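Chemist: Next input, structure requested:
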Amino acid sequence: MTTTVPAPTRAARASDPQRRRPRVPFKSAILILLAPFAVLFALFYVLPIGFAIVQSLLVVRREGTFGKAELVFGGFAQYAQVFQNEAFWSSMLRMLAFGVVQVPVMLGLALIFALLLDSPLLKGKRFFRLAFFVPYAVPGVIAAIMWGSLFSPNLSPFTALTQNVDFLGADLVLWSIANVVTWVYVGYNMLIIYSSLLSIPSEIYEAARLDGAGQFRIAWSIKIPLVRPAIVMTAIFSIIGTLQLLAEPQVFRSFSSAVTSTFTPNMTVYATASIPNANLAAAFSVVLAVTTFVLSFGFMKWMQKKGNA
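Modeler: Alright, predicted model coming up:
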């Protein structure tokens with residue numbers, strides 16, 4: 001004897017959530033989700049880069065001394081001036097020296113603070129987490145003004161120190177700026193590393209304690225290796241930020257004559273565009289962007305090879 005299953009009524013089919021949801025193809029869903037990012041990425045990243053490249057290939061030509069200026073294709077003439085510009089390459093070397101010293105110090109402090117916050121021995125973690133992060137909430141310009149005033153012999157309340165040590169002189173002004181950048185961004189990098197520490201399973205720590213490992217041994221042999229990707233990421237961000245430094249040295253120009261208009265690569269670009277020579281400034285920008293990409297990408301590949309070795 002066979003039984004027949006009654007077909008679902010129209011009301012039952014309408015109330016079924018799987019039947020009421022329109023099916024969206026998988027590829028179409030990806031395109032819909034990526035569309036806002038793709039539009040913003042194209043408008044505010046790809047197009048400005050393309051525009052800068054086009055502008056860097058143009059030169060201004062005049063007919064006679066007072067002739068009408070017109071933009072014509074000049075090939076790599078602007079780039080020839082870039083590679084002959086000693087001030088620009090001096091600023092690049094200055095920022096490389098800045099990054100070799102400042103970035104490891106900043107990330108070392110960020111790692112130490114993150115390990116302290118993750119340690120079960122530390123009391124008052126909420127207070128210290130906020131205290132370490134508060135400097136990042138201060139805008140870079142305000143931080144530079146504050147520290148510039150503290151370093152200035154005429155404005156600082158610590159005159160006994162600033163009158164004997166020339167923090168704004170040619171020998172120390174770069175490291176005074178490094179102090180400002182470190183003070184501002186240590187808390188930001190600390191939070192990234194601390195978030196990575198929080199994602200480590202607690203079972204790993206329990207197994208290490210059963211084996212007799214102390215807090216220092218756990219930090220050195222477990223925590224630091226497992227947060228290595230976060231450290232590499234913060235290092236790449238720091239390399240990019242070092243070559244793009246602008247606000248802090250620009251503010252320090254009002255405190256120190258040692259900070260010139262070409263002290264950093266970005267200041268050189270800004271000063272060149274203010275002449276105005278937008279085409280040469282565009283060439284400076286393209287070379288700076290390529291250098292930043294090569295250094296950051298090269299560092300990432302080097303760390304990957306080192307990790308796989």
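
Chemist: number of nearby residues for the spatially closest residue to S149 that is not a sequence neighbour?
Modeler: Among residues not flanking S149 along the chain, L155 sits closest, at 4.4 Å (Cβ to Cβ, 6 or more residues apart in numbering). C-beta coordinates here come from the backbone N, C-alpha and C atoms, glycine included. Look at L155: counted by other Cβ atoms under 10 Å, it has 12 neighbours.

Chemist: With V165 instead?
Modeler: When counting by other Cβ under 10 Å, one arrives at 13 neighbours for V165.

Chemist: any idea whether it is helix, strand or coil?
Modeler: With DSSP: H, G, I helix; E, B strand; the rest coil as the basis, V165 sits in coil.

Chemist: now do V259
Modeler: Here V259 is recorded as coil under three-state DSSP.

Chemist: Then the one 4 residues further on?
Modeler: With three-state DSSP as the basis, F263 sits in coil.

Chemist: Wait, it touches P249, no?
Modeler: Yes. With contacts counted by Cβ atoms under 8 Å, F263 reaches P249, the gap being 5.0 Å.

Chemist: list the residues that contact both of these two?
Modeler: Common contact partners of F263 and P249 (Cβ atoms under 8 Å, 6 or more residues apart in numbering): none.

Chemist: element containing the spatially most central residue of the chain, please.
Modeler: Centroid-nearest residue in the chain, with Cα atoms, centre = their mean: F237, separated by 3.5 Å. Using DSSP states H and E, F237 falls within helix 228-243.

Chemist: just checking, what packs against that helix?
Modeler: Here helix 228-243 touches helix 86-118, helix 173-198, helix 278-308, going by 3 or more Cβ pairs under 8 Å, 6 or more residues apart in numbering; DSSP states H and E.

Chemist: For the last one, which residues meet the burial criterion?
Modeler: The neighbour-count criterion (16 or more other Cβ atoms under 10 Å) identifies 278-289, 292, 295-296, 303 as the buried residues of helix 278-308.

Chemist: quick check, nearest of those to F113?
Modeler: M303 (21.8 Å; Cβ to Cβ).

Chemist: Please look at that closest one and V232 and confirm they touch.
Modeler: Yes. Using Cβ under 8 Å, M303 makes contact with V232 at a distance of 5.0 Å.

Chemist: ok, and what's touching stretch 161-180?
Modeler: Applying Cβ under 8 Å, 6+ apart, the contact partners of stretch 161-180 are 94, 97-98, 101-102, 105, 140, 143-144, 147-148, 150-153, 156, 245, 248-249, 252, 255-256, 258-259.

Chemist: Same question for stretch 114-128.
Modeler: The contact list for stretch 114-128 (Cβ under 8 Å, 6+ apart) reads 113, 129, 132, 190-191, 193-194, 197-198, 215, 219, 223-224, 227.

Chemist: Would you state the strands of the stretch 1-150 of the chain in chain order?
Modeler: Here the stretch 1-150 of the chain has its strands, by DSSP state E, counting those that start in this stretch, at 58-61, 70-73.

Chemist: pretty sure T291 contacts L243?
Modeler: Yes. If you go by Cβ under 8 Å, T291 and L243 touch, sitting 6.8 Å apart.

Chemist: Find residues that contact each of those two.
Modeler: M92.

Chemist: how close does F151 sit to T162?
Modeler: F151 is 6 Å from T162, where distance means Cβ to Cβ, to the nearest Å.

Chemist: Looking at these two now, which is surrounded by more residues?
Modeler: Between F151 and T162, counting by other Cβ under 10 Å, F151 is the more crowded of the two (26 against 18).

Chemist: residue contacts, that one?
Modeler: When contacts are counted by Cβ under 8 Å, 6+ apart, F151 touches T162, F167, L168, S176, F255.

Chemist: I only care about those residues that end up buried; give me the ChimeraX line for that.
Modeler: For the buried members of the contacts of F151, the matching ChimeraX selection, counting by 16+ other Cβ under 10 Å, is:
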select :162,167,168,176,255
